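Visitor: what follows is a protein structure lacking sequence information:
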């Protein structure tokens, strides 16, 4: 089932303890589409400036990503600069130049309107609602958000949450959104707002899904070297949602559990090198190889006692 | 196979965001023996003062724990007071009164010398060596340590590590011991020092075992309410080592993996209430019930794709 993503397309400058890259391909819609295109056909809605490298646009097209929804606006491409400390975790933002992204009005090509699977990456909830209004009868919709919108666009965000099936948040956003410190209570609060499933991302501690009889929790993919956490959350979502769309499974908790494993695997491509470097050459075969390794590091198999 | 623990027996005063308890039964040897006695016969070596409550000594005996090695010294019982903040994690120590523990010289009853399974809880490495010298041909030995000994008794600790099979450390201790930030490198460094297996505890992020073909990693037991993390590490060890001793399995990586699951389950009893409150009434049956729940929260079973 085709999968549509709406989000940012950016040129990132990133410093981590492992080094620095400048003006590298980034943005939530890019990380997501590069991660999800290994599973299914992906359609991107976003905006860049005329300064966006033609080669990168061509690269995305060559990966089989439908970029007819990637508009070119008047002004510079969105640029972001961030620095990570020794502990990685959240980046310190040095510079944000929204450029064409400041006036982004997602306009879906007509052929996109009946896309069955939708990922609303982290953008203004008002724009997320605009997108939902252009979609006809989706199979499922997933959404990501951030502290800024929880704080400043709460009402619009609530409206979004009433209309989606899956919500992705990290632990601090879950607490901020719910006003509860305890993640179990936070998840219950969030599920009451509308979504069937809440995915709480915990960075190096893995991720947890709520919405089934019991929570489901997997550790992060074990990596002996973290290089750059930028895009880890969107790439995590790309593995989970790419799998769900590609398999065509019913959206139930068992499918979400399997999706969680693919999410952890995909996230490892984001953090294992700078920017989208590893995602450029990812294939379903490489993902399946990593999945087999990943499961060998956390699945007990038949428990001998 | 009988399991011997050498460690502290204490009266703890603990403040957490959930409340406060005063002069409650604690200490590494107590948490460990209460957790492990659900699996196998446990022998304790430790010291208390004449002020130690007779009722608590009787309670431990009633739990089937062999307390012939619990000596009564001249002076007050070891007392510790600590405060946990909102994030839990490490306690801030308010007060440490070593009392009889300051001059603790572990002296094993003759009947203990041939105990097959040994846990050297976190005490001075010089005393850990004393204990090892009193043990005849053990099946396996496990050891725990802490930042103080890594810093101040490094040489003695290295001698201990050469003589043990399993080492327990938390992530910060692994980094301190190895001088490596990366936990994979830290684990490789530690295994080079002698132990066959290294267990790195990561608190709410679970624990990881090294020493097999691939690392093995399980998330923490999902708890909707953390009350008091005191003793979590020793109780974690009690589940893993209690299982290994009780099952009589060969010490190999597969057995360690199953042990890790029991460790996570046991740790949940330590953190779910103040002090040893939940451990007082724990049974193997309750542990198996929690294990079944725990596995339902992180084991994918047959992965449908």
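Guide: Great, that's in hand. Everything numeric here is computed off the predicted structure, so don't read it as measured data.
Visitor: which parts of the stretch 1-150 of chain A are helices?
Guide: A:28-36, A:54-62, A:125-134, A:147-152 (DSSP state H, counting those that start in this stretch).
Visitor: got a markdown table for those helices, with mean pLDDT, distance to residue A:231 and mean neighbour count too?
Guide: Where you see a C-beta, it was placed from the backbone N, CA and C, and this is true even at glycine. Listed next are those as a markdown table, based on pLDDT from 0 to 100; distance: least, CB to CB, whole Å; neighbours: other CB atoms under 10 Å in any protein chain shown:
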| stretch | mean pLDDT | distance to residue A:231 | mean neighbour count |
| --- | --- | --- | --- |
| helix A:28-36 | 98 | 4 | 30 |
| helix A:54-62 | 98 | 15 | 14 |
| helix A:125-134 | 98 | 19 | 18 |
| helix A:147-152 | 95 | 17 | 14 |
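Visitor: quick one, which of the ones you listed gets closest to chain B.
Guide: helix A:28-36 (16.0 Å; CB to the nearest CB).
Visitor: burial count for the residue nearest to residue A:244 when sequence neighbours are not counted?
Guide: Among residues not flanking residue A:244 along the chain, residue A:259 sits closest, at 5.2 Å (CB to CB, 6 or more residues apart in numbering or on different chains). Neighbour count of residue A:259, defined by other CB atoms under 10 Å in any protein chain shown: 25.
Visitor: so how far is residue A:115 from residue A:259?
Guide: The gap separating residue A:259 from residue A:115 is 18 Å, by CB to CB, to the nearest Å.
Visitor: so which residue of the stretch 1-150 of chain A comes closest to chain B?
Guide: residue A:86 (7.0 Å).
Visitor: contacting residues around that residue?
Guide: Shown in contact with residue A:86 (CB atoms under 8 Å, 6 or more residues apart in numbering or on different chains): A:17, B:181.
Visitor: just the pLDDT at it, thanks.
Guide: For residue A:86, the pLDDT comes out at 85.
Visitor: against residue B:182, how distant is it?
Guide: Using CB to CB, residue A:86 is found at 11 Å from residue B:182.
Visitor: what of residue A:165?
Guide: 38 Å.
Visitor: between those two, which one's more packed in?
Guide: More neighbours surround residue A:165 than the other of residue A:165 and residue B:182, with 19 against 16 (other CB under 10 Å).
Visitor: excluding its backbone neighbours, what's nearest the more buried one?
Guide: With CB to CB, 6+ apart as the criterion, residue A:165 has its nearest non-adjacent residue at 4.3 Å, and that residue is residue A:140.
Visitor: which residues touch the one you found?
Guide: A:116-118, A:165-166, A:244, A:251.
Visitor: let's see that with 6 Å instead.
Guide: Residues near residue A:140 by CB atoms under 6 Å, 6 or more residues apart in numbering or on different chains: A:117, A:165, A:251.
Visitor: which residues does it bridge with?
Guide: Residue A:140 has these beta-bridge partners by DSSP bridges: residue A:117.
Visitor: in chain A, spot the helix with the most residues.
Guide: helix A:253-271 (DSSP state H).
Visitor: so residue A:176 touches residue A:150, yeah?
Guide: Yes: contact criterion CB atoms under 6 Å: residue A:176 and residue A:150 qualify, at 5.0 Å.
Visitor: show me where chain A has strands.
Guide: Secondary structure of chain A by DSSP state E: the strands cover A:3-6, A:10-16, A:19-26, A:42-48, A:66-72, A:78-83, A:92-97, A:117-120, A:140-144, A:166-170, A:197-201, A:207-210, A:216-218.
Visitor: give me the sheet partners of the second one and which way each runs.
Guide: By that I understand strand A:10-16. Strands that pair with strand A:10-16, judged by DSSP bridges, come out as strand A:19-26 (antiparallel), strand A:78-83 (parallel).
Visitor: one more: the shortest one?
Guide: When pairs are called by DSSP bridges, strand A:216-218 turns out to pair with strand A:207-210 (antiparallel).
Visitor: next one: the fourth one
Guide: For strand A:42-48, the pairing partners within the sheet under DSSP bridges are strand A:3-6 (parallel), strand A:66-72 (parallel).
Visitor: pick the most buried one from these.
Guide: strand A:3-6 (a mean of 29; mean count of other CB atoms under 10 Å in any protein chain shown).
Visitor: got a list of what residue A:65 touches?
Guide: Counting by CB under 6 Å, 6+ apart, residue A:65 touches A:33, A:37, A:42, A:44.
Visitor: and the two most separated of these?
Guide: A:37 and A:44 (9.7 Å; CB to CB).
Visitor: read off the pLDDT value for the closest residue to residue A:293 other than its chain neighbours.
Guide: Leaving aside its sequence neighbours, residue A:293 sits nearest to residue B:214 (CB to CB, 6+ apart; 6.7 Å). At residue B:214, the predicted lDDT confidence score is 95.
Visitor: go on, residue A:22?
Guide: Looking at residue A:22, its pLDDT is 98.
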